[in-house]
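Q: my questions concern the predicted model and sequence given below.
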Number of protein chains: 4
Amino acid sequence: MPAGRHFLQIPGPSNVPDRVLRAMDMPVMDHRGPAFAEVGQRALDGMKSIFKTEQRVVIYPSSGTGAWEAALANTMSPGDTVLMYETGHFATLWKGLAERLGINPIFIEGDWRGGADPAAIEARLREDAGHEIKAVCVVHNETSTGSVTDVAAVRKAIDAAGHPALLMVDTISGLASIDFRFDEWGVDVAVSGSQKGLMLPPGLSFNAVSDKATAVAKNSTMPKSYWAWEEMAGPNATGYFPYTPATNLLYGLNEAVALLHEEGLDNVFARHQRHAAATRAAVQHWGLEVLCANPACYSGVLTAVMVPEGHSADAFRSTALANYDISLGNGLSKVADKVFRIGHLGDFNDLMLCGTLAGVEMGLRDAGIPYQAGGVLAAMDLLGPEADAARAAAQ
Amino acid sequence: MPAGRHFLQIPGPSNVPDRVLRAMDMPVMDHRGPAFAEVGQRALDGMKSIFKTEQRVVIYPSSGTGAWEAALANTMSPGDTVLMYETGHFATLWKGLAERLGINPIFIEGDWRGGADPAAIEARLREDAGHEIKAVCVVHNETSTGSVTDVAAVRKAIDAAGHPALLMVDTISGLASIDFRFDEWGVDVAVSGSQKGLMLPPGLSFNAVSDKATAVAKNSTMPKSYWAWEEMAGPNATGYFPYTPATNLLYGLNEAVALLHEEGLDNVFARHQRHAAATRAAVQHWGLEVLCANPACYSGVLTAVMVPEGHSADAFRSTALANYDISLGNGLSKVADKVFRIGHLGDFNDLMLCGTLAGVEMGLRDAGIPYQAGGVLAAMDLLGPEADAARAAAQ
Amino acid sequence: MPAGRHFLQIPGPSNVPDRVLRAMDMPVMDHRGPAFAEVGQRALDGMKSIFKTEQRVVIYPSSGTGAWEAALANTMSPGDTVLMYETGHFATLWKGLAERLGINPIFIEGDWRGGADPAAIEARLREDAGHEIKAVCVVHNETSTGSVTDVAAVRKAIDAAGHPALLMVDTISGLASIDFRFDEWGVDVAVSGSQKGLMLPPGLSFNAVSDKATAVAKNSTMPKSYWAWEEMAGPNATGYFPYTPATNLLYGLNEAVALLHEEGLDNVFARHQRHAAATRAAVQHWGLEVLCANPACYSGVLTAVMVPEGHSADAFRSTALANYDISLGNGLSKVADKVFRIGHLGDFNDLMLCGTLAGVEMGLRDAGIPYQAGGVLAAMDLLGPEADAARAAAQ
Amino acid sequence: MPAGRHFLQIPGPSNVPDRVLRAMDMPVMDHRGPAFAEVGQRALDGMKSIFKTEQRVVIYPSSGTGAWEAALANTMSPGDTVLMYETGHFATLWKGLAERLGINPIFIEGDWRGGADPAAIEARLREDAGHEIKAVCVVHNETSTGSVTDVAAVRKAIDAAGHPALLMVDTISGLASIDFRFDEWGVDVAVSGSQKGLMLPPGLSFNAVSDKATAVAKNSTMPKSYWAWEEMAGPNATGYFPYTPATNLLYGLNEAVALLHEEGLDNVFARHQRHAAATRAAVQHWGLEVLCANPACYSGVLTAVMVPEGHSADAFRSTALANYDISLGNGLSKVADKVFRIGHLGDFNDLMLCGTLAGVEMGLRDAGIPYQAGGVLAAMDLLGPEADAARAAAQ
């Protein structure tokens, strides 16, 4: 047991605030009893406020992977076609999941260095005169690369193509860290999880569901039970669930949503952007490259950093963990051992960021990766009231 | 907020020990980092010791309902036939789930007053010369009625019929409260959940899987991803999971399993039997009837009690809750409003039982249900060292 | 580790509510920083509301014993005389403490079976024409015997005697369980602690101080520093303390005071009286004798029960602890091994009481102490809405 | 509520590890019951291992101030003379406390920039041919200045003077952060508290007591009760206390001592020295001055930093707190507003230090205090395996 607090700087699970952990550390209650209704209703309403929707939210006791499956299993039938976009590892995993459900994904290839390209989506939809494509699926914040897709632009692309496909968005790692507007952006199904911007332990996942998606779901023939939205609707109307919910995680969820609104969602988003900018300044100073090559797609949630040829990102991460008790995210699949990922999401602040960047900088030094010292100072230049004022003036 | 501790005496979720809640109240860790392996391995090994199996255990971040689905989705294909037995509400729910997955359940009717009848199962299997039946599914401890099925006898029935069907057992509310022996009893798939005898909050579910079931699963064509056993096998081998596990519930699971072994599983089982016997003595003294009509099937987990004709079990439960801050289980489906259920499972002891029975007795009084006072005393006669000695002598 | 929750039914420390424990389970803060002022001010104001005083409250990081010492050390000088009353063990301990401080206590003897007699106090004060007696010290709720002193009557006795002595009251185990009115009753110094009606762990103690006592304190020559009221006044005015306070216990205190006001102090007091009456009904039914012989002095906090000649109260307590995991209070000093004490204070409710009395009744049985079975039922007759209505009608 | 974790970098209370907070977050137990003996005995034995004594330890439910009073009240009588040394604010407070107890302190003046000078002490003792001086009192780690006194050298000075005075040492902020050896160094009374190196919330204080001090205490005529060592001896022998102990803080103490031994006391001390050296490197780089002017006296616990003439240390601290959620210690008394103090003690690690120093550096910038940027980097040069190796080679 090393002394002091571990720096958990993977891009999720993120650090859980004490208030949330303590809210979970309370006796389980009867999920069928009268007192539960308020807990359940608060959770469902709270998540609507986070998704920014007046439509519908479904809460599952499961990992985010489950909510991926739920999104597809409720709206699709075996043999259906969906259009997906290769923004990175998680987009690829979602595609694999679709295949395992007997769905036929068209996968637009990507280079893992930016978000989904709305123009490419529009072009592909225009080719689909017969409307074989039932849904367009994109990842809002690609956790494997730190690239953000412009969801509103994807909506516009679908509309521009005059295509009836549903818009499905994985915002597992985006929600509650960077702006997401389910209703305003015209999303049909959103997928999220508890362990990222929501600052909870893993174990809850979410779907937000448009009225259109609810209607489409009626025709799905996919075998399902646990994920079936229709079974949720009745009990949810009064704050209950069709099967035993993860009660203590719901306690935590209600506290986490309260925390987010106490800070203010816009302040939360601004904080994440500030920390991302400071992190990129450090990376640039070190002389390393950010994986996301398109500044318009930079993520407020995490920054994936490329290590120079001939160096191992994983050896670096091991060194940093061993020497400074900091967990960093690994490169996945195509970028395995080539990038490391710095999570700067959730319950996080300026000095935690400075400690994190110091850990990265010392880790680079100890692992023998060439770098220019002083990245931490470059980040510090972008923190504090003066930098805030400069940013405000620049807008 | 009423003063004092709520009496959560539904048949699950059960009371969570402080040590378990506090174990969960710790920072989330990196589920891909080197330190996690021990947490994951302990959880998987610990559950093997609870299921009493040397074969395989799968842990899901989900409710028990998910593990029901997993059991069927991994071994069956759409159109397959299974033999199920109507022991009560939960057996019926499982059957409905099977139907939603496109499985064809043969449902042996029951009167909800006992466990599954091995002879009836054997007879039905003997009729199935073509081996259309792919699995026999029974509920070990039927939570809606408080009746236990003799699982070993069901195994013998299958073998006597010379039938190759898998034996699948829901022991969601039985495991870790009453004896269960996966390997010795020849079970192929067992289903369980965290919030009963395991003394955890809801949010984890389990499958135990025989080698035979693993082999059968290879041929399943059911669309699935989240529940797929095969994706678990690789990561589980070193203590990891294919998607984000419910980390903090795993912390709690490891503490709960430690607690169970500290007390000793046989002592845990004996405690549950003692409390069940004392509860039935109280019920009998009150002049009420236990729903389970077959003493060989009495449950150590809960006791379902019938209220006299013309009285409402639900009104009684509301009265008890309002007056004495005690949650009791309701009658479900066929026995709605006709029975209430007293949970005496999990982290529980003699004086908690006495408080519980006092709450029931005063609730009967306040709700105007005819009863003979003194049930608590009848229960007390079966508690303590003298009663223990009498029991030991009687064996 | 036995299963289930321990029954901590000593007359303090009492059971701590989860909300209070969780409030304490938060990071320590800078007790000199700006955010602390609110914590400190809330604690000081909260305790005024509990003592029912507009005058002054002092909070010590110490056991209640420290607040005893503080009461005397601030107001007295070596050689001063005080009038004390032997209501039981704790009154005797306070007298011993006075002696160790060089104070000369006049001790009115008592039989430990009732509260202090105001008439005896008045008579003694009338003898003291020279006003040598500087203070009258009584114990509000004598924890060793379960007898309550009528504090308002003692005030009247002092006034009737025309005597200027201060009135000092130990309400360590009385406060927040039974009614106490510092200002209205004309108390000059009250002494209390955290671990009884305030439902906190031990570690905080309190003085309430009248303006008269503050004035008197200016002339005290007793060597002291830690306990000196005058050093508290300055920092307390803005919510701070002269030395490091027990920060996390203050968090808990603020939560406990909130809980008390949520329930309502009058409801808290009525609950304690109801549980005390039910306990005495059980004792009477068992055929045992309550130590307090004067019904006007019965305590709402605890009931001390005499065991028959030839039986050991301590052996009984050991049996109950071993067999039923219940802690009961022992007889102290003069009544050692002759009485046991049932605490029914703090965070407590009807079913916890029934469990407690069942534990006592089974303990009597197992320890071979003659008793009539059914005390639990006698107590149950005094619980519930019908009994409440009967009480209301009787008033 | 700002996001992320507050940086509590005052020189105590220090950050409390989760394991310690969670150990405290458990039900209170009967402090007179059989199970308590192990808790109490572990606490007393554990503190002996921390003080490095085979003699005696006394534990009080109080702040450290209480243990100061206890040290004097047990060994001295009103009118006695002690020799004290003005190392800083806390030495001065202890002197004030002595005066309030009627003790006559001889106070050797100091400049607050180093530890106590053994030669000056020896010289003063040699003047005291009549042995009027009953005790020499020094502060091991002066929390107000960050200067350490060489306790072993003070012992040698006393012996060299052939003087029988007791050696009393305040190691409130030194114990468990920097080396302290009660027996080996010949200390007679040591004073400590829970909220510094012991990583607990405030609320416990300690005396270690030599056999000589125990003998001397028999002759003390100081009025006292709460602090009286002699009342502790009997109950402590079997793990109990004469009055209600702060039970939950004792749970935490046992966990904290376990943590210290898991890390190893020598590793704990080395870690504090490493962080102190890195902090001084940052201060030097900034172009600021460390208050402690004698390198032999540098503290491993905290570093007091002087701000340039014409600048306000308190305004700087407010700025750092407002902008970066970091609490730093203020200058006290003589150095009020002239210094700020960085605590680097307790449950602390390299990246927390880097975050802390970044907060100081940005605070200097924001508050307009002249400094050279890059102090964080200077500190980073002294962290990590290479720096460790260099240090090892230099020894």
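A: Here it is on my side, so go on. Bear in mind the structure is a predicted one, so any value in this text is a computation, not a measurement.
Q: drop to CA atoms for contacts and neighbour counts, all remaining ones
A: Noted.
Q: what's near enough to touch residue A:109?
A: Residues in contact with residue A:109, defined by CA atoms under 8 Å, 6 or more residues apart in numbering or on different chains, are A:85-87.
Q: at 10 Å what do you get?
A: When contacts are counted by CA atoms under 10 Å, 6 or more residues apart in numbering or on different chains, residue A:109 touches A:84-88, A:92, A:116, A:120.
Q: also residue A:378?
A: By CA under 10 Å, 6+ apart, the residues touching residue A:378 are A:278-286.
Q: those in strands, which ones?
A: If you go by DSSP state E, the contacts of residue A:378 have nothing in strands.
Q: show me which residues of the stretch 1-150 of chain A are close to chain C?
A: Counting by CA under 10 Å from any CA of the partner chain, the stretch 1-150 of chain A comes close to chain C at A:18-19, A:21-23, A:25-27.
Q: closest one of those to residue D:352?
A: Nearest to residue D:352 out of these is residue A:18 (CA to CA; 17.6 Å).
Q: just give the nearest non-adjacent residue to the closest one, would you?
A: residue C:26 (7.0 Å; CA to CA, 6 or more residues apart in numbering or on different chains).
Q: surely the one you found touches residue D:6?
A: No. Using CA atoms under 10 Å, residue C:26 is not in contact with residue D:6, being 11.7 Å away.
Q: shared neighbours of the two, anything?
A: With CA under 10 Å, 6+ apart, residue C:26 and residue D:6 have no common neighbours.
Q: for the most centrally placed residue in chain A, report the pLDDT, please.
A: Nearest residue to the geometric centre of chain A (CA atoms, centre = their mean): residue A:173, 1.2 Å. At residue A:173, the model reports a pLDDT of 98.
Q: that one: what's it in contact with?
A: Counting by CA under 10 Å, 6+ apart, residue A:173 makes contact with A:11-14, A:64, A:139-143, A:146, A:191-198, A:301-302, A:345-346.
Q: try 7 Å this time
A: A:141, A:143, A:196-197 (CA atoms under 7 Å, 6 or more residues apart in numbering or on different chains).
Q: top of those residues by neighbour count?
A: residue A:141 (33 neighbours; other CA atoms under 10 Å in any protein chain shown).
Q: and it, how close does it get to residue D:342?
A: Distance of residue A:141 to residue D:342, given as CA to CA, to the nearest Å: 39 Å.
Q: please name the spatially closest residue to the residue in the stretch 51-200 of chain A positioned nearest to chain D (chain neighbours excluded).
A: Nearest to chain D in the stretch 51-200 of chain A, going by CA to the nearest CA, is residue A:199, at a distance of 10.5 Å. Using CA to CA, 6+ apart and skipping the chain neighbours, the partner closest in space to residue A:199 is residue A:16 (5.0 Å).
Q: now do that neighbour against residue A:252, distance only.
A: For residue A:16, the distance to residue A:252 (CA to CA) stands at 10 Å.
Q: which residues are in contact with both of the two?
A: In contact with both residue A:16 and residue A:252: residue A:200, using CA under 7 Å, 6+ apart.
Q: return the residues of the stretch 1-150 of chain A in contact with chain D.
A: A:3-4 (CA under 7 Å from any CA of the partner chain).
Q: residue ranges in the stretch 1-150 of chain A under the pLDDT threshold?
A: Across the stretch 1-150 of chain A, nothing is flagged by pLDDT under 70.
Q: residue of it closest to chain C, please.
A: For the stretch 1-150 of chain A, CA to the nearest CA, closest residue to chain C: residue A:22, 6.2 Å.
Q: can you tell me the closest non-neighbouring residue to that residue?
A: Residue nearest to residue A:22 in three dimensions, not counting chain neighbours: residue C:22, with 6.2 Å by CA to CA, 6+ apart.
Q: same check, this time on residue A:249
A: residue A:24 is the one closest to residue A:249 (CA to CA, 6+ apart), at 6.1 Å.
Q: surely the one you found meets residue A:247?
A: No. Using CA atoms under 7 Å as the test, residue A:24 is too far from residue A:247 to be in contact (8.5 Å).
Q: about what we covered before: with secondary structure added, can I get the contacts of residue A:173 in a markdown table?
A: Listed next are the contacts of residue A:173 as a markdown table, based on DSSP: H, G, I helix; E, B strand; the rest coil:
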| residue | secondary structure |
| --- | --- |
| A:141 | strand |
| A:143 | coil |
| A:196 | coil |
| A:197 | coil |
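Q: the residue of the stretch 51-200 of chain A closest to chain D and residue D:204, how far apart?
A: 34 Å.
Q: again with residue A:15
A: Distance from residue A:15 to residue D:204, by CA to CA: 31 Å.
Q: before we move on, back to that, show me the residues of the stretch 1-150 of chain A next to chain C that map onto strands.
A: Here DSSP E is the test, and these give no hits in strands at all.
Q: quick one: the strands in chain A?
A: Under DSSP E, chain A gives strands at A:7-9, A:56-61, A:81-85, A:104-108, A:133-139, A:141-142, A:147-148, A:166-170, A:189-193, A:204-209, A:289-290, A:302-306, A:326-330, A:339-343.
Q: need the winner for burial among those.
A: Comparing the strands of chain A by mean neighbour count (mean count of other CA atoms under 10 Å in any protein chain shown), strand A:141-142 ranks first with a mean of 32.
Q: how far is that strand from where the chain is centred?
A: Averaging C-alpha positions (CA atoms, centre = their mean, to the nearest Å) puts strand A:141-142 6 Å from its chain's average.
Q: if you count contacts, what does that strand end up packed against?
A: Where contact means 3 or more CA pairs under 7 Å, 6 or more residues apart in numbering or on different chains; DSSP states H and E, strand A:141-142 is packed against strand A:147-148.
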